[in-house]
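Peer 1: predicted structure and sequence below. I'll ask about it afterward.
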Amino acid sequence: MKILANDGIARTGIDALEKEGFEVLTVKVAQEQLQNYINENEVAALLVRSATEVRKNLIDNCPSLRLIGRGGVGMDNIDVAYAKEKGLHVINTPAASSESVAELVFAHLFGGVRYLYDANRNMPLEGDSRFKQLKKSYGSGTELRGKTLGIIGFGRIGQATAKVALGVGMKVIYFDPFMEKTSVTLSFFDGQQIAFDLESRSKEQVLKDSDFITLHVPAQKEYVIGKKEFGLMKEGIGIVNAARGGVLDEVALIDALEKGKVSFAGLDVFESEPNPEIRILMHPNISLTPHIGAATGEAQDRIGIELATQITDLLKKN
Ligand SMILES: NC(=O)c1ccc[n+]([C@@H]2O[C@H](COP(=O)([O-])OP(=O)(O)OC[C@H]3O[C@@H](n4cnc5c(N)ncnc54)[C@H](O)[C@@H]3O)[C@@H](O)[C@H]2O)c1
């Protein structure tokens, strides 16, 4: 049985699938040639990340397809309900990348409180001629320890982020209408564990009480953070969005940055992805990454294994 991993798959996943007798094709087929390729090769499973689109017409015109797999979480690029209606298995790997995204959030936060996003832009240009002035510009950093992190959306990634925050010594508060109470357990290298019982607060309370805010909600029809929400936040807050472009109003963000309401933002996802607005890209107080939350070797290995296990269960054992 042939599997096309059109947006790539980790070696661990390929090995696990080949061990089960599947043939894994890792060519990158262009979107417009995908239908032909799948039909010519009688591909049974199409694996994608966020790049390849799997829409109704592809599903209708590729009768060999039995399974669509998304390495990662969000399935906005797949017509999931339609595929299931047509009898296809649709799978994803919801848990595999949570820790990687959580660590990226902290890369933005640690970078944010010490102005790394700006220092890294200016040191190559002026580090030799204006060292002392730059030292002064970036000389009023703060620590994360002891500050309050507000987490909006307390699912897998929200909770993984909370664990890092607790480990750093931050206070954690969260808002999640579907997760009233949660216990998060921190596991340490020597086997010790500490459990923290946390309770959801109102969104307003989280916006008002946080020194930093990070978003971990799924894609929504409306902004989760816009002009009104920025208005409720503390002066000089730092905000991170590694969830989905479109949950944070970028126009309102620029305005809040200009007014000093927000001191810095860390963005891994963008409203107009894959062509982020130039005002966002050029803003001196925004720390930028190109949607790489899940892009670590460890997460990709876990994604590969998780996909291989599910595919084997669904296509071989049934
Ligand atoms: N940056 C990246 O590369 C990357 C990688 C993986 C996932 N993600 C994104 O991260 C987000 C979270 O993923 P997850 O695995 O934690 O999902 P999850 O489903 O485990 O958790 C999402 C949580 O958000 C809550 N929620 C929904 N609407 C809300 C709202 N309006 N306000 C507050 N809470 C709300 C839900 O109750 C749920 O508990 C998704 O948008 C996903 O696409 C990004």
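Peer 2: Here it is on my side, so go on.
Peer 1: for the closest residue to the ligand within the stretch 1-150 of the chain, what are its contacts?
Peer 2: The ligand sits closest to residue 74 of the stretch 1-150 of the chain, with a gap of 3.4 Å, by CB to the nearest ligand atom. For the C-beta atoms, the positions are set from N, CA and C on the backbone; glycine is no exception. The contact partners of residue 74, taken as CB atoms under 8 Å, 6 or more residues apart in numbering, are 50, 218-219, 244.
Peer 1: make it 7 Å
Peer 2: 50, 219, 244 (CB atoms under 7 Å, 6 or more residues apart in numbering).
Peer 1: any idea how far it lies from residue 246?
Peer 2: Distance of residue 74 to residue 246, given as CB to CB, to the nearest Å: 11 Å.
Peer 1: joint contacts of these two?
Peer 2: Joint contacts of residue 74 and residue 246 (CB under 7 Å, 6+ apart) are residue 219.
Peer 1: pLDDT score for the residue of the chain most remote from its centre?
Peer 2: Distance from the C-alpha centroid of the chain peaks at residue 129, with 38.1 Å (CA atoms, centre = their mean). In this model, residue 129 is scored at 98, pLDDT.
Peer 1: not counting residues beside it along the chain, what's closest to the residue of the chain found nearest the ligand?
Peer 2: Nearest to the ligand in the chain, going by CB to the nearest ligand atom, is residue 155, at a distance of 1.8 Å. Spatial nearest neighbour of residue 155, excluding adjacent residues (CB to CB, 6 or more residues apart in numbering): residue 216 at 6.4 Å.
Peer 1: so which of the contacts of residue 74 reach the ligand?
Peer 2: Among the contacts of residue 74, the ones lying near the ligand by CB under 6 Å from any ligand atom are 219, 244.
Peer 1: least confident of the contacts of residue 74?
Peer 2: Among the contacts of residue 74, residue 50 has the weakest pLDDT, 87.
Peer 1: coming back round to it: out of the contacts of residue 74, which end up buried?
Peer 2: Among the contacts of residue 74, the ones that count as buried by 16 or more other CB atoms under 10 Å are 50, 244.
Peer 1: mind putting the contacts of residue 74 into TSV with secondary structure?
Peer 2: Listed next are the contacts of residue 74 as TSV, based on DSSP: H, G, I helix; E, B strand; the rest coil:
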residue	secondary structure
50	coil
219	coil
244	coil
